[in-house]
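A.B. asks: fold the stuff below for me.
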Amino acid sequence: MAAIQYTPGQRFNRLSYVRETPSSDSKRHAIFRCDCGNEIDLRISSVTSGNTSSCGCLKREESAKNARKDMEPGAAFDRLTFLSHLERKRKHLWLGLFRCACGREIEKEITQVRQGAVRSCGCLKIDRTVEASTKHGMSKTAYYGVWLTMIRRCTDPANDKYKDYGARGIGVCERWMKFENFLADMGKRPAGASIDRQDNDIGYQPGNCRWATPTQQANNTRKNVFIERHGRRQTVAQWARELGLNETTIHRRLKRGWTPEMTLEPVSP
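C.D. replies: As a prediction, this is how the structure comes out:
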């Protein structure tokens, strides 16, 4: 009896036949494309009989729907409290609005929260790092505050400064995730100084950080424009103070394409 032949695109529930493939057993196999976009190698008999109707996404969707139906406002999961359902999905999973114990509200996949894959807005991981570094008796000092701020803006997506640090790939080296190491490497903090990265495209690590005054910090931001003249490289603000020029005048000259020498010439009376 001749084997049944299938044509590309022939549908079986959510699956479309693509091509037959060699198999290591006695059963015929083929590649099927699921409506969700996945391609999967399956036994043809399992698909044509209806035992397999998708790549597995149908079962996941049903599970997600059930999780959504069972979730009631006020349900608590570790640090997260469920507030409401969101009508949009992320792939096949339903999203919900949750409030973390720290006060932040976040959108997360309901199934992930229910299964314990997501337990907080991100603050739990940070707090555990902090707890591991609080045996030094300095948790109320300025040093500790600087360190904690550094950690949070590089690791916590809910932090207001995360977009300028962690989201840009700016991180904290493994050694400095422990407060005692950070303190040992940075040394005593001068009055009024704060931590500064000398190369703003590199993260927080020994050799790239220093205690800097507010003026030094301002001169080292990514928004500053630098001009090199006679082997010296300074910001527009530094040249303006040194030469008695107006910063606006310098910026205007740069936009016109003037050379550094011409840009920093005194204004004619």
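A.B. asks: which residue is nearest the middle of the chain?
C.D. replies: A167 (4.8 Å; C-alpha atoms, centre = their mean).
A.B. asks: what's near enough to touch it?
C.D. replies: Residues in contact with A167 (C-beta atoms under 8 Å, 6 or more residues apart in numbering) are P157. Bear in mind the C-beta positions are built from the backbone N, C-alpha and C, glycine included.
A.B. asks: let's see 10 Å
C.D. replies: 153-154, 157, 161 (C-beta atoms under 10 Å, 6 or more residues apart in numbering).
A.B. asks: now swap in L80 and tell me
C.D. replies: 96, 98-101, 105-106, 108, 113, 118-121, 124.
A.B. asks: now those residues: which count as buried?
C.D. replies: Using 16 or more other C-beta atoms under 10 Å as the burial test, the contacts of L80 include 96, 98-100, 106, 108, 113, 118-121, 124 as buried.
A.B. asks: I227 touches P260, doesn't it?
C.D. replies: Yes: under the criterion of C-beta atoms under 10 Å, I227 makes contact with P260 at 5.1 Å.
A.B. asks: now the common contact residues for these two.
C.D. replies: With C-beta under 10 Å, 6+ apart as the test, I227 and P260 both reach 233, 239, 254.
A.B. asks: restricted to helices, list those residues.
C.D. replies: If you go by DSSP state H, those have 239, 254 in helices.
A.B. asks: what subset of the shared contacts of I227 and P260 is buried?
C.D. replies: W239.
A.B. asks: in contact with D156, which residues?
C.D. replies: 102, 104, 121-123, 125-126, 162, 165-166.
A.B. asks: thinking again about what came up before, kindly reformat the contacts of L80 as TSV containing distance to V47.
C.D. replies: Formatted as TSV, the contacts of L80 follow (distance: C-beta to C-beta, whole Å):
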residue	distance to V47
G96	34
F98	39
R99	44
C100	44
A101	47
E105	44
I106	40
K108	34
V113	34
V118	34
R119	39
S120	42
C121	42
L124	43
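A.B. asks: quick one: least confident of the residues you listed?
C.D. replies: Among the contacts of L80, L124 carries the weakest pLDDT, at 77.
A.B. asks: can you tell me the element that one falls in?
C.D. replies: helix 123-131 (DSSP states H and E).
A.B. asks: tabulate the contacts of L80 (JSON lines), appending secondary structure and distance to S45.
C.D. replies: Formatted as JSON lines, the contacts of L80 follow (DSSP: H, G, I helix; E, B strand; the rest coil; distance: C-beta to C-beta, whole Å):
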{"residue": "G96", "secondary structure": "strand", "distance to S45": "40"}
{"residue": "F98", "secondary structure": "strand", "distance to S45": "44"}
{"residue": "R99", "secondary structure": "strand", "distance to S45": "50"}
{"residue": "C100", "secondary structure": "strand", "distance to S45": "49"}
{"residue": "A101", "secondary structure": "coil", "distance to S45": "52"}
{"residue": "E105", "secondary structure": "strand", "distance to S45": "50"}
{"residue": "I106", "secondary structure": "strand", "distance to S45": "45"}
{"residue": "K108", "secondary structure": "strand", "distance to S45": "40"}
{"residue": "V113", "secondary structure": "helix", "distance to S45": "39"}
{"residue": "V118", "secondary structure": "coil", "distance to S45": "39"}
{"residue": "R119", "secondary structure": "coil", "distance to S45": "43"}
{"residue": "S120", "secondary structure": "coil", "distance to S45": "47"}
{"residue": "C121", "secondary structure": "coil", "distance to S45": "48"}
{"residue": "L124", "secondary structure": "helix", "distance to S45": "48"}
